[in-house]
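[1] Take this sequence and fold it.
(4 chains, ligands or ions: 6)
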Amino acid sequence: MRERRAKVVKLNVINEPKDSYTGGKSSLCPGCGHDQISNVIVSAAWDNGILPHKIAKMSGIGCSSKTPAYYLGQSHGFNTVHGRMPSVTTGANVVNKDLTYLGVSGDGDSASIGIGQLIHAIRRNVDMVYIVENNGVYGLTKGQYSATADVGSKKKKGPINETQPIDLCAMAINLGCSFVARSFSGSKKQLTALLKAAMSHKGFALIDVISPCVTFNNNDESLRSYGYVKDNQAELHSVGFIPHFSPLEQVEVPAGSYRDVALHDGSTMRLETISEDHDISDAVQALSALHKADADKKHVTGILYFDGEKPSLDVDLDLHDTPLVEMGEDLLRPSAEKLEEVIASMRG
Amino acid sequence: MRERRAKVVKLNVINEPKDSYTGGKSSLCPGCGHDQISNVIVSAAWDNGILPHKIAKMSGIGCSSKTPAYYLGQSHGFNTVHGRMPSVTTGANVVNKDLTYLGVSGDGDSASIGIGQLIHAIRRNVDMVYIVENNGVYGLTKGQYSATADVGSKKKKGPINETQPIDLCAMAINLGCSFVARSFSGSKKQLTALLKAAMSHKGFALIDVISPCVTFNNNDESLRSYGYVKDNQAELHSVGFIPHFSPLEQVEVPAGSYRDVALHDGSTMRLETISEDHDISDAVQALSALHKADADKKHVTGILYFDGEKPSLDVDLDLHDTPLVEMGEDLLRPSAEKLEEVIASMRG
Amino acid sequence: MTFDSNNFKGLSLSQDPQWQPPQEGGRRSWRNKMSKIVNDFTINIATANGTGSQSANLILLQTLFDMGIPVSGKNLFPSNISGLPTWYIVRLSDKGYQAPGDRTHIQILVNPATWEDDLASLEPGTVVIWNTDSKMEMNREDVVSYPVPMTKIARGLNPKLARMIANVVYVGVLAELLGMDQEVLEESIAKQFGGKAKAIELNAEAARLGRSYCAEELTKQDDYFVEARDIEEGGFFIEGNEAIALGSIFGGIQMLGWYPITPSSSVCEGIISWLPKLRTHEGKATYAIIQAEDELAAAGMIIGAGWAGARGLTATSGPGISLMQEFIGLAYFAEVPCVFWDINRVGPSTGLPTRTQQGDLAMLYESSHGDTKHIVFMPGTVEECFEFGWKVFDASEKFQTPVFGFSDLDLGMNKWACRGFEYPDEPMDRGKLVLTQEQMDSIENYGRYRDVDGDGIPYRTLPGSGLDPILYRGTGHDEDGTYSEKPEVYYKLMQRLGRKIDGARDYLPAPIIKEDEKQEIGVIFYGSMENSIKEIEDIVEEMTGKFISTCRVRALPLHSEVEAFIEKHETVIVAEINRDAQLYGIMRKEYPVHLLNKLLSVAYSDGMPPRGRLYAERIVQALEEAKI
Amino acid sequence: MTFDSNNFKGLSLSQDPQWQPPQEGGRRSWRNKMSKIVNDFTINIATANGTGSQSANLILLQTLFDMGIPVSGKNLFPSNISGLPTWYIVRLSDKGYQAPGDRTHIQILVNPATWEDDLASLEPGTVVIWNTDSKMEMNREDVVSYPVPMTKIARGLNPKLARMIANVVYVGVLAELLGMDQEVLEESIAKQFGGKAKAIELNAEAARLGRSYCAEELTKQDDYFVEARDIEEGGFFIEGNEAIALGSIFGGIQMLGWYPITPSSSVCEGIISWLPKLRTHEGKATYAIIQAEDELAAAGMIIGAGWAGARGLTATSGPGISLMQEFIGLAYFAEVPCVFWDINRVGPSTGLPTRTQQGDLAMLYESSHGDTKHIVFMPGTVEECFEFGWKVFDASEKFQTPVFGFSDLDLGMNKWACRGFEYPDEPMDRGKLVLTQEQMDSIENYGRYRDVDGDGIPYRTLPGSGLDPILYRGTGHDEDGTYSEKPEVYYKLMQRLGRKIDGARDYLPAPIIKEDEKQEIGVIFYGSMENSIKEIEDIVEEMTGKFISTCRVRALPLHSEVEAFIEKHETVIVAEINRDAQLYGIMRKEYPVHLLNKLLSVAYSDGMPPRGRLYAERIVQALEEAKI
Ligand SMILES: Cc1ncc(C[n+]2csc(CCOP(=O)(O)OP(=O)(O)O)c2C)c(N)n1
Ligand SMILES: Cc1ncc(C[n+]2csc(CCOP(=O)(O)OP(=O)(O)O)c2C)c(N)n1
Ligand code: SF4
Ligand code: SF4
Ligand SMILES: [Mg+2]
Ligand SMILES: [Mg+2]
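    Numbers count the residues shown, from 1 in each chain, chains lettered A, B, ... in the order given. Ligands and ions are numbered 1, 2, ... in the order given. A predicted model of the protein is given here:
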């Protein structure tokens, strides 16, 4: 009998194959930026060698927020309600601080209905990664404008979109967020590196990822009509027809330089990677870089701000080393004597 | 018969006495900073010569939000729900753009429950004045910490208050708010000037006013216990005893210099008025000034940022000149012929 | 290990857990029967969303409609954007039945993802038109099989758009098979693509190719046919949500504050698209539209608008209603007019966002904490969607209170045949507004919250008018609006509010009652159940030999005629689309006990539009149980 | 022109709009009567908040209590911080009545702001002890007037603190007038001020001065006296909210997420102050406390904690409950344990934040959109506040669902006499948790949402355990937790959830039933009404000669014994503190019709704690009307 050669499966530092980090089949539109981010999550978690079941996948509601079903199938997760993932994660985090909390949200979820919770999670420095899959639109409800920056630089604006977009990175830096980065769904290498760093960071790590919506985010006014499509056969199309796109090509921009990326709708977007001179501990410098990029109609990517010293919420709370969820009745229920003492003190 | 000399009543440009701008008797604690702000509102509205009934007083919930009862008795107003005054004001504003909307809120109302609405009203550039009567605590619910900066510089912090405060001015500047100022309830002159300017501004004007809570905001850990008081007879005091204080003395700080103000609890606070060189059109400069002030444990006051060009929401909406509320059925209900046209178009 | 994947397989109409296949003996042998079945069958089209099947299905629907055939279409779509299973159910019924029927008679199989389950769930004898290019097998012998190379035909026309055009091919096949008028079909295609000549041509050609493929390659082996009928003049298709949008505009909407959520978004998007055409004055807007940051803000905005004296509206669905609870209480207590449309989808929580239900009714009626009670309008047809679209504003301003419109995904997002809309027959009722000093002087003892007329409805002034200003508030207040914690002031205020809403009862739309002479069995229902009631009636009659009277409730609080209806009948069933019998519950709470004795409930909800047989069987069962 | 000002004048107990002064003939001439009235009268103390009167009043209460006299105190305070009118009502009653009585017997007048109204509302013969330094007039001849220069006496002691000490002076006057034990009084002062010697001395001296002023300058002209009684061992005073706080801690609370709101804040502040003392391990916390940014976040946090496997709790009041609606639906549908305490204040909207009501009950029971139903615990005593404080956690984890605790301002923020707390008599019930692979293997066909045991309650694993991970969601899901829109999957899930909550009925605290032999009249009530029921019983008996049975409901869904109670009695009245008869409404919805025939409702709410006579009269009236 011939010896069967086992197929060589690459393992990570904790001897897990990459398969242990994958999830279900995506039901997003072909070409959606969000799927690229899901792939990065799989890679980064595998690279980092975290036990899959020690990760908690959290999300709100939206196309982006559906993605936890498409990665880390061995992790528990919670696809919560629209815009309120931060609070649910906060509650989970403080009772089980030993998990790695990986939150995924959309720009609608984060910058509109959820902005209050996002701000307060940042303020508390909850130990979690928070990825905004930012496409400038409400994907799942079919293309209404969201409150964040446009992905396409030449987007024509309807009256509503005159409204100044919210730059979540600038907001976070201003709030003293302990880790703030921006990236692009098509920059796999950069994003993987950022995500790995974020997962290792103790504290709140915001990664705002530009993640084009191939179905609704395009230059035309009629983008809000579900039937609109973007190739030159546009007018031949039917109600409810969503063309298939391939994912955007990988773009990696060296530190300090920029690249123009062509989007599906034909527009381009300028990505600049922040230079190596950038002092990530200087909030004002980071804000200034963002304001400048805004004025120049480009997006600056990379780690923008970092503060490794800020204690995270679980530390502030002075919790016992054992996660609260692992404590038994002996620690959770005071003794009968204690009750007697309490009552005695009341009797005065 | 002798001629009776009428008492001379000072009138403003529209021939109204100041009395036309006053309100009911305050029920706040004696010495509360909020009452000083109410007085400034009366003066500024009178000075500006706005018809009292053309002002709309809006507020949320809190000690601060009660104050609309104490000024502008001839104006309609709406004391809404906690943290949601911006949306109510937005709705009112777009249907009657001819009123001057004067919103008053607290730091709990604005920086916690209401921060999302505040941000989005700023983003839309709703034409209103928004005063935050900022005391660093929840006054009406008896002294819990709020999410904003402390008024006292030496405040001892309990575990919760390790959390980094939110600087609403910095947040607003970052969002591109069209008018951002900071002041102090005891700086009547400065505050009056700022408020008059804000009322004349077309767009969203944020004035963050440091307004000490004499009852709950003090340096001691036990400040959250209702019974705590702040003079040297502290331990003699009873449950539910609230000492009476006189309002803080007026402090006017010349541009570019600073002054240390003694608060009721014995702590001091450093107020610096922003220098005349400050370029109010430069957001990054303003942010930098705020970040610096924060590092130096002082408060910088004055107009911090201004953008007179940004169109306000009502302009964005391309509204007819006649306020919507003044339109009759002729303009509001399309004709029967129009309905026929609609139906015909449906029949295809 | 479990996580969600795309398992949407096998949604079929006969999946009600209670449903039983007909007994062996009862099964007719389809091959022997040669009688024609005309205009009385159901076509189920299984595709994936994002493929453009929606427009093919609408062409089919329009063609049948324009031939004068009573037809309805239901779109069962998933909660995503592209690639997941979607079913479209076309019901032809000379009797006018609009519910999805009991079974599928003709199945179009295009989607490999649900192929096997769809096929497995068919009854013997079903006609199956299937895409031979889908690489799936047709492994049933007991169905009438029509294989069609849909993709190949489409690819021949335009390779790039084959995925899309393949859908029109099956429309062509159906046209030939059932005998649809080619001219009408081509007109429908032209309607569907507006003026776009190239698209019209492409699609018409695809339909023709489907048609000729059928004529040339297939032999008719089934009994299903369509026949043209007399055409009702002037009818058209419209979604309930668009009808509400138009109604709102003819109701003088001044402010729309909204946040997107399925299935309500199209109310707002309808308003947004029609307003510029209908309500521009001197080139400027006579309305304001704001997409809010969330539902709380949307509610706040319309309350602000109402406070300022304008007609504000928002539309949302369950999750939004939950988020608006606090604000709704404010509007109730401070007496601010404003309109909320709830287009119900399946709850609780995020639930099934693209499925239908009447699950929010109880919540609307008693929205917010404390003692509250609200006015709810419940349209059952697209015509009523338009009518109530403007009437809600009058009610809200008349009673100075938040008013709900209540519809659902089924009524709101499907296209329904419509006879037309009646122009409002009354001028706008702005309620007890005091606009001038003269008016003010004529009111004895004015106070914002004083019940001057004894009907519980006070007068009000507007900001900016200079007349009797007050500080509105959500806290306790006396008749002048002044803050008060006095027990008797609060008690009196709450009693008045109670009387005010109660007094709206008979002002609100009366129920639509169809009475059988015998007055034995009554069925009370509401909203989109209107589309199933005729079939329910007929099946109950068929099963029991008894005729039923029906009473369609159209508003809360309940009109006195509803009570009279119950009074008259021996037994009355309340049929609704939810688990907890929500309208029945309201009646149990409010009606005299002697009426409750004859009140039975049939409540059922699984996300599907109400099927006639299912409700009929449950009604019969309830009647039988009640007799024991 | 109207806006709110400080008009809090004249809150008196007899201001019920239905209340009528006794008829002329019935009025006893107080000057002739010389009989002693012992331990059976009501003292009303009218002050302003922020003056320190609260501690004087607590000293008075404690003194009476320590003399063994059954006594209760109600604090009627305004919704502000300082300077507005406040009334404190002390009821002495050997019969144990704890409701505010029908009238004031002794009035302490200190507050000029309400002076005139307070005075005007007194019945002839009332004793009035008034501060002659208040610059107000005493213009009634028909009362027993005791003028006392309270401020002057206080100023003599400590001029700076005179405003505060003046309050203790009236306590001293009362002590002398009624015959209170000086030693007990001084002990009470010592208790009140903990170890603070200076404060004790100052206040004791003020009380002594008041006492001697009374002895020396006033002549007793009234009939009111106190007499010491046998002291029940070990009793103490505690607020309901603090009892809940302690109960939660002995229930093993792991996470508190909260947002301040009156009257619930003191639940959280109680937890916050006790936890470090009771639940520190190796110098570290075994709990996490977060003051959230709003109620939505507080709800989210405890849901996150529950999802992760911990016991999370929040406490709020009506407005917070409204804001939490969406999240509550998520917890219901995704089956996440978490505990919500609603300390009811007066709604709707912001309402009367410092007044009491049972107005949120109906909302709690059916919280959130769609079909839902929830478990509600309703303590009626401080002992139960403690007991239910821990039991809610067990119920929530057992049934994997949000559980409500329902209390109100009256029970929550007043001090009540308490006999003590019983240590939990059962170990913590963490429900069907699968913690090991072994356990997992022993379950046949595990699925997060599979009803393995037939009780509707599935098993669950925890994040981090490595056992059967799933993605929790608020959308439709099958038994494995996988996303599903299938009709039969949804239907089955909703039926199971229905059964699960329904199944909790008899697990929950049974009603407390006190049956009269005749079983003629039953009264059903709940919560803080417990404190008025005895008096209601006695007055009804006095008025009708009939004895009543009582049934205090302690949880929803309703225990089967409640139904049995109704079954047994001829007529049953449901008495509650709201406008819309909320518990009665739930019974109308759920009970068989034959029971409804005998069910009557007495619902009343004006912000005041329930007065015995008011309810008794309405009960008698309801009984009479029912007989017609
Ligand atoms: C309370 C509530 N409001 C509205 C919705 C409807 N809704 C679902 S997804 C979504 C927006 C999602 O946009 P975003 O977060 O940007 O995600 P994307 O789909 O673009 O990835 C909305 C409004 C909801 N589910 N719940
Ligand atoms: C929804 C809701 N939650 C909580 C409260 C209770 N509440 C009343 S005022 C207040 C805080 C007010 O603080 P702030 O806005 O700073 O005003 P201040 O009293 O300090 O002026 C809170 C939490 C409420 N009224 N409504
Ligand atoms: S709609 Fe946009 S965001 Fe959503 S799945 Fe499709 S491409 Fe992605
Ligand atoms: S509690 Fe503080 S904020 Fe409120 S009125 Fe008193 S001093 Fe002012
Ligand atoms: Mg998005
Ligand atoms: Mg404050």
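[2] For beta bridges, what are the partners of the residue nearest the centre of chain A?
    In chain A, the residue lying closest to the centroid (Cα atoms, centre = their mean) is A:Ile131, at 0.9 Å. Here A:Ile131 sits in beta bridges with A:Val104, A:Ile207, going by DSSP bridges.
[3] any idea how far C:Arg208 is from it?
    50 Å (Cβ to Cβ, to the nearest Å). The way it works is simple: take the backbone N, C-alpha and C, and place the C-beta from them, glycine included.
[4] again with C:Val171
    11 Å.
[5] So which of those two has more stuff around it?
    Higher neighbour count among C:Val171 and C:Arg208: C:Val171, with 28 against 18, using other Cβ atoms under 10 Å in any protein chain shown.
[6] The more buried one touches C:Ser188, doesn't it?
    No: counting by Cβ atoms under 8 Å, C:Val171 does not reach C:Ser188; the two are 9.1 Å apart.
[7] Now list whatever residues contact both of these two.
    Residues touching both C:Val171 and C:Ser188 (Cβ atoms under 8 Å, 6 or more residues apart in numbering or on different chains): C:Ile59, C:Leu60, C:Thr63.
[8] Surely the last one and C:Ser188 touch.
    Yes: in this structure, C:Thr63 sits in contact with C:Ser188. The criterion is Cβ under 8 Å, and the distance is 4.4 Å.
[9] Isn't A:Tyr130 up against A:Asp208?
    No: between A:Tyr130 and A:Asp208 there is no contact under Cβ under 8 Å: 9.2 Å.
[10] contacting residues for the residue in chain A that ligand 5 sits nearest to?
    Across chain A, no residue is closer to ligand 5 than A:Gly106, which sits at 3.8 Å (Cβ to the ion). By Cβ under 8 Å, 6+ apart, A:Gly106 lies in contact with A:Gly60, A:Gly62, A:Cys63, A:Ser64, A:Ser65, A:Val132, A:Glu133, A:Asn134, A:Asn135, A:Tyr138, A:Gly139, A:Ser146.
[11] taking the shared contacts of C:Val171 and C:Ser188 one by one, which sit in helices?
    C:Ile59, C:Leu60, C:Thr63 (DSSP state H).
[12] neighbours around the last one, how many?
    To tie it back to what came earlier, the one meant is C:Thr63. 28.
[13] And the second one, by the same measure?
    Taking other Cβ under 10 Å as the neighbour definition, C:Leu60 ends up with a count of 28.
[14] Is there proximity between stretch C:593-602 and chain D?
    Yes: on the criterion Cβ under 8 Å from any Cβ of the partner chain, stretch C:593-602 is in touch with chain D at C:Val593, C:Leu596, C:Asn597.
[15] now that stretch, how far from the chain's geometric center?
    Here the centre of stretch C:593-602 is set off from its chain's centre by 27 Å, with Cα atoms, centre = their mean, to the nearest Å.
[16] Need the CA coordinates for that stretch. PDB is fine.
    The C-alpha trace of stretch C:593-602 is given here as PDB (Å, rounded to 0.1, in the frame of the first residue of the first chain):
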ATOM      1  CA  VAL C 593     -69.600  41.500  29.000                       C
ATOM      2  CA  HIS C 594     -72.800  40.200  27.300                       C
ATOM      3  CA  LEU C 595     -71.200  40.900  24.000                       C
ATOM      4  CA  LEU C 596     -68.000  39.100  24.800                       C
ATOM      5  CA  ASN C 597     -70.000  35.900  25.200                       C
ATOM      6  CA  LYS C 598     -70.400  35.800  21.400                       C
ATOM      7  CA  LEU C 599     -67.000  37.100  20.500                       C
ATOM      8  CA  LEU C 600     -64.400  34.600  19.200                       C
ATOM      9  CA  SER C 601     -60.900  35.100  18.000                       C
ATOM     10  CA  VAL C 602     -59.000  33.800  15.000                       C
END
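[17] can you tell me which helix or strand C:Ala362 belongs to?
    Per DSSP states H and E, C:Ala362 falls inside helix C:361-365.
[18] can you give me the mean pLDDT across that helix?
    Averaged over helix C:361-365, pLDDT sits at 98.
[19] what's the answer for stretch C:559-568, then?
    The model assigns stretch C:559-568 a mean pLDDT of 98.
[20] Mind listing what's buried along that stretch?
    Neighbour-count burial for stretch C:559-568, with 16 or more other Cβ atoms under 10 Å in any protein chain shown as criterion, is recorded at C:His559, C:Glu561, C:Val562, C:Glu563, C:Phe565, C:Ile566.
[21] The residue nearest to the centre of chain A: what's it in contact with?
    Each residue near A:Ile131 by Cβ under 8 Å, 6+ apart is listed here: A:Ile37, A:Ile41, A:Leu102, A:Gly103, A:Val104, A:Ser105, A:Leu195, A:Ile207, A:Val209.
[22] Does stretch C:256-264 reach ligand 1?
    Yes: contact of stretch C:256-264 with ligand 1 (Cβ under 6 Å from any ligand atom) involves C:Tyr259, C:Pro260, C:Ile261.
[23] so which of the residues you listed is the most crowded?
    Among those, C:Tyr259 has the most neighbours (other Cβ under 10 Å), with 31 neighbours.
[24] With A:Leu140 as the reference, measure out to it.
    13 Å.
[25] hmm, back to that, list only those of the residues of stretch C:593-602 next to chain D flagged as buried.
    C:Leu596.
[26] and the residues of stretch C:593-602 next to chain D as CSV, adding pLDDT, distance to D:Val226 and secondary structure?
    As requested, the residues of stretch C:593-602 next to chain D are exported to CSV (pLDDT from 0 to 100; distance: Cβ to Cβ, whole Å; DSSP: H, G, I helix; E, B strand; the rest coil):
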residue, pLDDT, distance to D:Val226, secondary structure
C:Val593, 95, 50, helix
C:Leu596, 97, 53, helix
C:Asn597, 94, 56, coil
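[27] Where does the closest residue to chain B within chain A sit: helix, strand or coil?
    Residue nearest to chain B within chain A (Cβ to the nearest Cβ): A:Gly116, separated by 4.1 Å. A:Gly116 falls in the helix class when you classify it by DSSP: H, G, I helix; E, B strand; the rest coil.
[28] Model confidence for it, exactly?
    Note for A:Gly116: predicted pLDDT of 98.
[29] what's the closest non-adjacent residue to it?
    In this structure, A:Gly116 finds its nearest non-sequential neighbour in B:Gly116, 4.1 Å apart by Cβ to Cβ, 6 or more residues apart in numbering or on different chains.
[30] Does that neighbour touch A:His120 like I think?
    No: with contact defined as Cβ under 8 Å, B:Gly116 does not count as touching A:His120 (10.3 Å).
[31] who's in contact with C:Val336?
    C:Ile303, C:Gly306, C:Trp307, C:Leu330, C:Gln400, C:Thr401, C:Pro402, C:Tyr472.
[32] repeat for A:Arg333
    D:Phe250, D:Gly251, D:Gly252, D:Pro424, D:Met428.
[33] Select from these the one having the most neighbours.
    The most neighbours of any of the contacts of A:Arg333, using other Cβ under 10 Å, belong to D:Phe250, which has 28 neighbours.
[34] Distance check, that one against ligand 2.
    27 Å (Cβ to the nearest ligand atom, to the nearest Å).
[35] My guess is that residue contacts D:Gly389. True?
    Yes: between D:Phe250 and D:Gly389 a contact is recorded at 7.2 Å, counting by Cβ under 8 Å.
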